[in-house]
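**Q** Here's a sequence, model it:
(2 chains)
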Amino acid sequence: MRGAAVTSLDAVRAVRSAQREPVLEARNIRVTYRSARGNVTALEDLTATIGKGEFVSVLGPSGCGKSTLLRLISGLMPPSDGEILLDGRTVAGPRPDVGIVFQQPTLLPWQSVLENTLLPVRTLKMNVSQGTAEALQLLRLVGLEKFAQHYPNELSGGMQQRVSIARSLVHKPSLLLMDEPFAALDAMTREHMSKELQRIWMATNQSVIFITHSIPEAVFLSDRILVLSARPGRLVQDLRVDLPRPRTTETLGTPEFAAYTNSLRQLFEKLVKFE
Amino acid sequence: MNISKRKIILPAITFVLLIVAWQLSIDFFKIPNYLLPSPKSVLHALYLGYVEGTLWKHMFYTLQSTVLGYVIGCGLAIMLGAALAEFDVLNDMARPYVIALQSMPKVALAPLIIVWFGFGIESKIVMVALVCFFPVFVNTVVGLRETNSALLDLMHAFSASRWHIFTRIKLPGAASHIFAGLQISIVLSLIGAVVAEFVSSTRGLGYVVNSAQVNMAVDTMFAALISLAVLGIVGSFLIGLLQSKVVFWNRQTGSTTMDTN
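**A** This next block holds a predicted model:
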């Protein structure tokens, strides 16, 4: 009975994966840094594909090369070896078709919330009136339409981070990179922001790479979780999370949710022992 | 009592107490007028100076050299600071010499500047510009280099031009630092002007102090010193006003969003 259910789920997965066009393909990525103590390998033989509209978390201990990954994908540095394709084209330099959300909101304090949201539009010299309409719509989506003319220092940390999410989407990137976006927030706000992000993601159907240290956060948000090991960063597991959406506070209490988090915890325990 | 009233009334009380203590100590210790003038005779000197008009031309002379020197010195400091912060080659070339010049007491250069620029107002302007330069220069470099690296990554990912990054991101981000330098330089600019006038001048408040020493006119000295203090306070206030207009986002207290990761 159970076996049959799993098989049918597998079939669904297979169909879904097949339908999804890849937005990002990483092929045999290796990154080595030259340092005073010799060469340091940050990423080793990383191959992964991310489908259009997929929410993928990268989960790993510190030193798993996550910031390296971010710089690679946004074209700020080339890999030592291998190739990254974004929308089918090799990443060879800065790519404006990614959106980035950092751990800190990194808003410009001298510009209004609306102007901050428009930053990519102005930098990429896109049409400002179209951009403004898009920005206002995104601010509505993140629940800050009333704060468009406010300045960042009038907003709470969670609100500032929502502005930076709106900013990261305003130029309609094909891929959104989020580098531990909720790490600087307090625990209550953090849980709330996870739900908010799920809502935003479901409304935009945006492809997302979400880097985090938090196992529950990764399970709650993701379609797939890529687990990396530390120094060098290697892909240890590619875990599909099949929890129904939208996931809610109740989801956090279900045995299925617990099963995912437990298996990831055990995996991490093994990873740490291994070192 | 609300805060703004407090900020006026309390200093006023200090002022009255100081004047009373001043007058009482003269009466009590019988200090002669040529050592410490009474508040009344200082007031009289100020009256002579500003109502009858002998101090105005000196005050304007000092004001003129201070303002011109300040604008030139601070302007050059911001431009050179920006150049060094932006171009590493320039920075490596100039840095040791900048530090060497900075550690030199600038007032010691006053006689040399008089030799080079003459006895007129030019030498005073140069002196003021020289002392104003370094605080603003150093703060400009530090402020520009402290730009949030995540934000710079973002701008590079968007292929933003160097000029765009500089004018839209770095310069506004450095504004608070630059204004801190401008505040320090206000005070230094008056010191520079007075020192240059001490060394060689026939006009200016520094000249008034110096020449009053010869005929022991201590009340005139006090009048000139008070004029200098007022110039300093007004200058500092004006820069503060400008700062609150330009760097308006720092006025409200709140979490700064520019802290680095």
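**Q** ok but residue B:159 is inside a strand, no?
**A** No - judged by DSSP: H, G, I helix; E, B strand; the rest coil, residue B:159 forms no part of a strand; its state is coil.
**Q** For the residue nearest to it when sequence neighbours are not counted, what are phi and psi?
**A** Excluding the flanking residues, the one nearest residue B:159 by CB to CB, 6 or more residues apart in numbering or on different chains is residue A:94, at 4.9 Å. For every residue, glycine as well, the C-beta is placed using N, CA and C. Backbone torsions of residue A:94, given as degrees, to the nearest 10, read phi -50, psi 130.
**Q** Kindly report the same for the one 4 residues further on.
**A** For residue A:98, the backbone dihedrals (degrees, to the nearest 10) come out as phi -120, psi 150.
**Q** I figured residue A:168 was touching residue A:99, is that so?
**A** Yes - when contacts are counted by CB atoms under 8 Å, residue A:168 is listed as touching residue A:99 (3.4 Å).
**Q** Show me whatever sits in contact with both of the two.
**A** Residues within reach of residue A:168 and of residue A:99 at once, by CB atoms under 8 Å, 6 or more residues apart in numbering or on different chains, are A:120, A:176.
**Q** The residue nearest to residue B:159 reaches residue B:154, doesn't it?
**A** No - assessed by CB under 8 Å, residue A:94 is found out of contact with residue B:154, at 10.2 Å.
**Q** okay, these two: which has more neighbours?
**A** Using other CB atoms under 10 Å in any protein chain shown, the more surrounded residue of residue A:94 and residue B:154 is residue B:154, with 25 against 16.
**Q** and residue 235, what does it touch?
**A** Using chain A. So residue A:235 contacts A:46, A:47, A:48, A:226, A:227, A:228 (CB under 8 Å, 6+ apart).
**Q** look at chain B instead
**A** So residue B:235 contacts B:66, B:70, B:186, B:189, B:190 (CB under 8 Å, 6+ apart).
**Q** measure it to residue A:134 for me?
**A** 47 Å (CB to CB, to the nearest Å).
**Q** ok, now residue A:173?
**A** Distance of residue A:173 to residue A:134, computed by CB to CB: 12 Å.
**Q** residue ranges of the strands in chain A, please?
**A** A:22-35, A:38-51, A:55-59, A:81-86, A:89-90, A:98-101, A:175-179, A:208-212, A:224-228, A:235-240 (DSSP state E).
**Q** who's in contact with the residue positioned nearest the centre of chain A?
**A** Nearest to the mean C-alpha position of chain A, by CA atoms, centre = their mean, lies residue A:210 at 2.0 Å. By CB under 8 Å, 6+ apart, residue A:210 lies in contact with A:55, A:56, A:57, A:58, A:178, A:181, A:218, A:221, A:222.
**Q** Of the residues you listed, just say which sits nearest to residue A:258.
**A** For the contacts of residue A:210, the minimum distance to residue A:258 (CB to CB) is 14.1 Å, reached by residue A:218.
**Q** Flag the shaky bits of the stretch 1-150 of chain B, pLDDT-wise.
**A** Low-confidence regions of the stretch 1-150 of chain B, defined by pLDDT under 70, span residues B:1.
**Q** tell me which element the residue in it positioned nearest to chain A falls in.
**A** Closest residue of the stretch 1-150 of chain B to chain A, CB to the nearest CB: residue B:150 (4.5 Å). Assessed by DSSP states H and E, residue B:150 sits inside helix B:149-157.
**Q** buried residues in that helix?
**A** Using 16 or more other CB atoms under 10 Å in any protein chain shown as the test for burial, helix B:149-157 gives B:150, B:151, B:152, B:153, B:154, B:155, B:156, B:157.
**Q** can I assume the fifth one is in contact with residue A:98?
**A** Meaning residue B:154. No - the pair residue B:154 / residue A:98 is not scored as a contact, 10.0 Å apart, by CB under 8 Å.
**Q** Show me the contacts of residue B:235 that map onto helices.
**A** Residues from the contacts of residue B:235 lying in helices, with DSSP state H as the criterion: B:66, B:70, B:186, B:189, B:190.
**Q** from those residues, which single one is nearest residue A:109?
**A** residue B:186 (25.0 Å).
**Q** how about the residue nearest to the spatial centre of chain B, what does it touch?
**A** Per CA atoms, centre = their mean, the C-alpha nearest to the average position across chain B is that of residue B:186, at 1.0 Å. Going by CB under 8 Å, 6+ apart, residue B:186 touches B:70, B:232, B:235, B:236, B:239.
**Q** could you list every residue that touches the first one?
**A** Shown here is residue B:70, whose contacts under the criterion CB under 8 Å, 6+ apart are B:128, B:129, B:132, B:185, B:186, B:189, B:235.
**Q** and these as TSV, adding distance to residue A:69?
**A** Below are those laid out as TSV (distance: CB to CB, whole Å):
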residue	distance to residue A:69
B:128	54
B:129	50
B:132	48
B:185	46
B:186	49
B:189	52
B:235	52
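**Q** Tell me which two in the residues you listed are the farthest apart.
**A** Farthest pair in those (CB to CB) is B:129 and B:235. Separation: 15.1 Å.
**Q** now the helices: where do they sit in the chain?
**A** By default, I'm working from chain A. Assigned by DSSP H, chain A shows helices spanning A:2-19, A:66-73, A:113-117, A:119-123, A:128-141, A:157-169, A:187-204, A:215-221, A:255-274.
**Q** wrong one, I was asking about chain B
**A** B:3-29, B:39-50, B:56-86, B:88-103, B:110-117, B:121-145, B:149-157, B:162-164, B:171-199, B:205-214, B:218-246.
**Q** Let me know which of the ones you listed is tucked in deepest.
**A** Mean neighbour count (mean count of other CB atoms under 10 Å in any protein chain shown) peaks for helix B:121-145 among those, with a mean of 24.
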